[in-house]
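Peer 1: One predicted model, sequence on top.
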Protein chains: 2
Amino acid sequence: MRQVHHPEVGEISLTAVMGALSDPIRVGLVRVLADGCERGWGELRAPVAKSTLSHHLRVLRDAGLTRTRQEGTRCFVTLRVQDLRERFPGLLRAVLTAADEQDVGPQVSTQDTPRPTVA
Amino acid sequence: MRQVHHPEVGEISLTAVMGALSDPIRVGLVRVLADGCERGWGELRAPVAKSTLSHHLRVLRDAGLTRTRQEGTRCFVTLRVQDLRERFPGLLRAVLTAADEQDVGPQVSTQDTPRPTVA
DNA sequence: TTCGATGTTCGTGAAACGTCGAACAAGCTA
DNA sequence: TAGCTTGTTCGACGTTTCACGAACATCGAA
């Protein structure tokens, strides 16, 4: 399809990351990817049209939160856990903890392994 | 002028906070207020019209990041450090560290004239 | 080569955002 | 009372965001 751009670790902007995390669907996506494992694009489930999902994944990618890898016609998405830890120590953990607590973006899941509901 | 609304600690939404922190000027304001001390509205300096500054302070207040107190015709603003720590442990520190590192919102400052210390 | 699957991009609206200046409201002060 | 100070609100403007369906590009399979 097209080679996409990923910002370098040093280029990841705080305000861009904050903006990316200001939408419940995107926070839901981050939660799904939180374990650092790669997920297939088509595996992701969100209550929006696929063009909209593509848009959200693009925002996350452009902000430097995720990395997209292409393989044939398929895409795989990863949360840039290590890069984020390096650039913003403590931020990811704080966000994920709060997101779990408030159950942000609950309708986002993966086809195979739905996220367990937090007690 | 008007009684403003401040969300309770338990009502502070993660996505609202992230959205509030997605603008450099607002991050600059948070940096200025980071020590937890109260600042006078008129003491704040930012490269925008006062109506715009009022808008930004409103966004911060509505998101639950700051508290506004009125005294006569003047307003005083505080960062809700304790509330934020309680609601989002580790978040504020991570954000401030990154904001300092990237020098976000550098044009925001306080007028460094002596001001009445508020107890 | 043709077909189907997979994401991206485009075109289009509706809504939200950031910005400004002007007008306003509330409280001091002369 | 009048006038000044302080900050909010309003209306306007242009930009950006989010949403959708349709069209497109690319690759693997038939």
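Peer 2: Yep, that arrived. Numbering: from 1, shown residues only, chains lettered A, B, ... in the order given.
Peer 1: Could you use CA atoms for every contact and neighbour count after this?
Peer 2: Will do.
Peer 1: Check what pLDDT the residue nearest in space to the middle of chain A gets.
Peer 2: By Cα atoms, centre = their mean, chain A has its centre lying nearest to A:Val30, at 3.5 Å. Per-residue confidence at A:Val30 stands at 98 (pLDDT).
Peer 1: Pretty sure it sits against A:Leu79.
Peer 2: Yes - with contact defined as Cα atoms under 8 Å, A:Val30 and A:Leu79 form a contacting pair (7.0 Å).
Peer 1: Poorly predicted segments of chain A, please.
Peer 2: A:1-3, A:112-119 (pLDDT under 70).
Peer 1: then the helix or strand in which the residue nearest to the centre of chain A is found to PDB, C-alphas only?
Peer 2: Per DSSP states H and E, A:Val30 falls inside helix A:24-32. Presented in PDB, the C-alpha positions along helix A:24-32 are these (Å, rounded to 0.1, in the frame of the first residue of the first chain):
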ATOM      1  CA  PRO A  24     -11.700   6.900  24.000                       C
ATOM      2  CA  ILE A  25     -11.400   4.600  21.000                       C
ATOM      3  CA  ARG A  26      -7.700   5.300  20.700                       C
ATOM      4  CA  VAL A  27      -7.200   4.700  24.400                       C
ATOM      5  CA  GLY A  28      -9.100   1.400  24.000                       C
ATOM      6  CA  LEU A  29      -6.700   0.400  21.200                       C
ATOM      7  CA  VAL A  30      -3.700   1.200  23.400                       C
ATOM      8  CA  ARG A  31      -5.200  -0.900  26.200                       C
ATOM      9  CA  VAL A  32      -5.600  -3.800  23.800                       C
END
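Peer 1: ok, now which ones touch the residue nearest to the centre of chain A?
Peer 2: A:Val30 sits next to A:Leu79 when contact means Cα atoms under 8 Å, 6 or more residues apart in numbering or on different chains.
Peer 1: Pairing partners for the helix or strand just after the helix holding A:Val30, with directions?
Peer 2: Per DSSP H and E, the first helix or strand lying C-terminal to helix A:24-32 is strand A:39-40. Sheet pairing of strand A:39-40 (DSSP bridges) gives strand A:74-79 (antiparallel).
Peer 1: Tell me how many other residues surround A:Trp41.
Peer 2: 18 (other Cα atoms under 10 Å in any protein chain shown).
Peer 1: and it, what does it touch?
Peer 2: Counting by Cα under 8 Å, 6+ apart, A:Trp41 touches A:74-77.
Peer 1: how close does A:Ala94 sit to A:Arg58?
Peer 2: Going from A:Ala94 to A:Arg58 by Cα to Cα, to the nearest Å gives 23 Å.
Peer 1: And for A:Ala49?
Peer 2: Counting by Cα to Cα - A:Ala49 and A:Arg58 are separated by 14 Å.
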